[in-house]
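J.: With the input below, show me the fold.
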Amino acid sequence: MIHMGIISDTHIGHREVKSANCGIPPVILESIKTCDLIVHCGDIGCCKEVLAFLSRLAPVTAVKGNHDKHTKEGIPFKVKMDLAGWRIGITHGHGDNVRREPLSIIKFFKEPLDIIIFGHIHRPFVYADQDLVLLNSGSTSSTSYTPFASFMTVLFQEEKIETTIHVLDRKREKIEKIQKAAFLKPVGGK
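T.: Model (predicted):
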């Protein structure tokens, strides 16, 4: 089993990055510090500092978001990986109508995948059919797109995954709501 923590759209500025928790709510750090892998789906903010901080907790895979386009850190716009037998694509998801039509994220990858993990829409989103699972952790910062912050953890097993969406209170000090779901491995992959 592999335990993954997913965060996105942290939008951490120069002031926040200097704090002890690097601008990430402590309740999130406490929850993801036991993960085997952390995925950041873009709009990181101060990329170098945030990714270095997260990598002290667990190995990090990150993609660049539309607000990270000027970073010189060499972060890709999309990543493909295999994890516990699952074919996974990771991207931020900007540049299309993903915010209004989350299923349009499928066009971002040509190769067959079992899971697409993405950001940009600032709200948690989970979708599954017989071919594909789509996961979005929402944003760790509350914004005009959604009034709450959230993140996701995923437990990967050989034939199924268990997802948990963690929604924070308005002050981003504690987990207010948890939503769990489990999915069997897709049949075909898209």
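J.: Report the next helix or strand after whichever helix in the chain runs longest in sequence order.
T.: Secondary structure of the chain per DSSP state H: the longest helix is helix 47-55. Following helix 47-55 in sequence order, the next helix or strand is strand 60-62 (DSSP states H and E).
J.: Pull the distance from that next one to the chain's centre.
T.: Mean-position distance between strand 60-62 and its chain equals 10 Å (Cα atoms, centre = their mean, to the nearest Å).
J.: Tell me which stretches of this structure form strands.
T.: Taking DSSP state E to define them, one finds strands in the chain at 2-7, 37-40, 60-62, 78-83, 86-91, 115-118, 124-128, 133-137, 150-156, 160-168, 175-184.
J.: got CSV for these, with distance to residue 109, mean pLDDT and mean neighbour count too?
T.: (Each C-beta comes from the backbone N, C-alpha and C, glycine too.) Formatted as CSV, the strands of the chain follow (distance: least, Cβ to Cβ, whole Å; pLDDT from 0 to 100; neighbours: other Cβ atoms under 10 Å):
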stretch, distance to residue 109, mean pLDDT, mean neighbour count
strand 2-7, 17, 98, 22
strand 37-40, 15, 98, 24
strand 60-62, 15, 98, 21
strand 78-83, 7, 96, 14
strand 86-91, 4, 96, 24
strand 115-118, 7, 96, 26
strand 124-128, 15, 93, 18
strand 133-137, 11, 96, 25
strand 150-156, 18, 97, 23
strand 160-168, 18, 97, 19
strand 175-184, 18, 94, 13
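J.: Quick one, which of these gets closest to residue 102.
T.: Across the strands of the chain, the minimum distance to residue 102, taken as Cβ to Cβ, is reached by strand 124-128, at 5.3 Å.
J.: who touches that closest one?
T.: Strand 124-128 is contacted from outside by 102-103, 133-138, 150, 152, 163, 165, 167, 179, 181, 183, 186, using Cβ atoms under 8 Å, 6 or more residues apart in numbering.
J.: how does it look with 6 Å?
T.: If you take Cβ atoms under 6 Å, 6 or more residues apart in numbering as the criterion, strand 124-128 is touched by 102, 134, 135, 136, 138, 150, 165, 181, 183.
J.: and the longest helix of the chain, how far out from the chain's middle?
T.: Remark: helix 47-55 is offset 15 Å from the chain centroid, using Cα atoms, centre = their mean.
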